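Student: Quick one, what's the 3D model for this:
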Amino acid sequence: MSPRRHLLFAYGLAALCAGWAIWTGVDCAIEGIHASFANEQTEIFAEMRAKAVGSGSYDAAQCLDGVVGYYPSGTKQVTGSRLDRIVERARGEAVAAIIAHLRQVTGEDWGDDPQAWIARYASGVGKP
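Tutor: Sure thing, here's the model as predicted:
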């Protein structure tokens, strides 16, 4: 191989390595942003859950509505991604806990669908 070909090969290899490094850095930065979003989302769910469990039916239903509607799957996270599954699991746990609290507080059972509880109590109809 001639010296010129060695030089071209070296430049090509260097460009390939630089491209890979840039791509990896961007990918890590994006993953970090999504992880930050997931942390924020799950913290919001925990806060709403804690607030709901310590309140009456109206406030609990308002919190339930907040949990259900807060950046649904596909908005801050890629639907079906590892972080999306974590966020949606936390959302589901918060929804279940709030509905259990609403059952206890109201003595009623509107099922597991949060929309039924929201429709009944978030409007103020069941407000204590």
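
Student: ok, Gly80 - contacts?
Tutor: Ser73 (Cβ atoms under 8 Å, 6 or more residues apart in numbering). C-beta here means a position set from N, CA and C on the backbone, and glycine is covered the same way.

Student: please renumber so the chain begins at 7
Tutor: Happy to do that; since the first residue is 7 now, the last one works out to Gly86.

Student: Helix, strand, or coil at it?
Tutor: Under DSSP: H, G, I helix; E, B strand; the rest coil, Gly86 falls in the coil class.

Student: Would you mind measuring from Asp90 to Leu22?
Tutor: 32 Å (Cβ to Cβ, to the nearest Å).

Student: for the least confident helix or strand in the chain by mean pLDDT, packing partners?
Tutor: Within the chain, no helix or strand scores below helix 9-59, which has a mean of 85 by mean pLDDT, DSSP states H and E. Judged by 3 or more Cβ pairs under 8 Å, 6 or more residues apart in numbering; DSSP states H and E, the packing partners of helix 9-59 are helix 63-75, helix 88-112.
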